[in-house]
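Participant: fold the following.
(one chain, ligands or ions: 1)
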Amino acid sequence: MAHSPRSHSHSHAAGQPAPATAGRLIRWAWLYDAVVRVISLGQDRALRRWTVDLAAIQPGETVLDVGCGTGDLTLEAAGRAAGLVIGLDAAPEMIAVARQKAARRRAAVDFRVGLIEATGLPAGTCDVVLSSLMMHHLPADLQRRGLAECRRVLKPGGRLVVVDFLAPAPGGPAGGANWLHPAPAAAAPDLARLVSAAGFGDVTSGTAPFPSLGYVGGRAAA
Ligand SMILES: C[S@@+](CC[C@H](N)C(=O)[O-])C[C@H]1O[C@@H](n2cnc3c(N)ncnc32)[C@H](O)[C@@H]1O
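Facilitator: Next up, the predicted model:
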């Protein structure tokens, strides 16, 4: 697969069929950024910066953003990485919006329609894999398969950063839910176990400084 950035090519992604997946796609890409702005109480840009900081992306690193949506995090990562940056989403509509943004900003990001469970990338190509607000769109078995694929495409020592809704506290109110978003089926604390089970070491997790969100980090064994 060619790895040249494609952000300059005007996209007909929206006319492409979506690949088959059990993940829940978002087809209303034109509204997505506005919804994130409201759900995050205007903290969306800060959330993207915080996520990229967490990944400690270094100049020249290769970054993959799985389930990248309209590409805000991917573009933030591209500002730091200056290496090959790829954004994958199963929804052609999301990729079309992301490509338009990249073209407007003259950002060299390779946005592709694709799946977390089958990225099409060769093994050991990425320094960093990001997954932001997307794991809760996958059923549990697909979360496992997706994380295994993230592990496969990472270089030895490469980092995974997952940011997602927190799971509801046992017996408590739906912790990960807020009034605008339903509680996810499997979220940050469970994801830490899944990340370990997918073969990652140095697994860390915690709450994010944003309402209802948590993170999990892991490192592919060297
Ligand atoms: C809530 S959005 C998150 C978008 C972006 N990462 C962000 O932080 O705003 C979840 C995205 O996952 C995508 N998605 C669902 N299943 C997928 C799969 N199997 N592979 C790749 N993307 C998928 C959806 O189309 C949607 O764009």
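Participant: helix, strand or coil for the nearest residue to residue 221 once chain neighbours are set aside?
Facilitator: Among residues not flanking residue 221 along the chain, residue 201 sits closest, at 5.4 Å (C-beta to C-beta, 6 or more residues apart in numbering). Glycine gets a C-beta too; all of them are placed from N, C-alpha and C. Using DSSP: H, G, I helix; E, B strand; the rest coil, the structure places residue 201 in strand.
Participant: got the phi/psi numbers for the most centrally placed residue in the chain?
Facilitator: In the chain, the residue lying closest to the centroid (C-alpha atoms, centre = their mean) is residue 131, at 2.5 Å. For residue 131, the backbone dihedrals (degrees, to the nearest 10) come out as phi -140, psi 110.
Participant: so what's it up against?
Facilitator: 65, 66, 67, 116, 146, 150, 160, 161, 162, 163, 164 (C-beta atoms under 8 Å, 6 or more residues apart in numbering).
Participant: now do the closest residue in space to residue 71 that isn't next to it in sequence against residue 45, distance only.
Facilitator: The shortest distance from residue 71 to any non-neighbouring residue, by C-beta to C-beta, 6+ apart, is to residue 98 (3.0 Å). Distance, residue 98 to residue 45, using C-beta to C-beta, to the nearest Å: 16 Å.
Participant: those two: who's more crowded?
Facilitator: residue 98 (29 against 12; other C-beta atoms under 10 Å).
Participant: gap between the helix or strand hosting that one and the chain center?
Facilitator: Using DSSP states H and E, residue 98 sits within helix 92-105. Helix 92-105 sits 16 Å away from the centroid of its parent chain (C-alpha atoms, centre = their mean, to the nearest Å).
Participant: now do that helix: which elements does it pack against?
Facilitator: helix 29-39, helix 72-81, strand 85-89, strand 109-113 (3 or more C-beta pairs under 8 Å, 6 or more residues apart in numbering; DSSP states H and E).
Participant: partners of the longest strand along the chain, with directions?
Facilitator: The longest strand of the chain (DSSP state E) is strand 154-165. Taking DSSP bridges as the criterion, strand 154-165 forms sheet pairs with strand 126-132 (parallel), strand 213-220 (antiparallel).
Participant: and it with helix 72-81, angle?
Facilitator: On the basis of axes from the mean of the first three to the mean of the last three C-alpha atoms, to 10 degrees, strand 154-165 is oriented at 140 degrees to helix 72-81.
Participant: got the buried residues for the helix or strand harbouring residue 53?
Facilitator: Element membership for residue 53, per DSSP H and E: helix 44-55. Buried residues in helix 44-55, counted by 16 or more other C-beta atoms under 10 Å: 44, 47, 48, 50, 51, 52, 54, 55.
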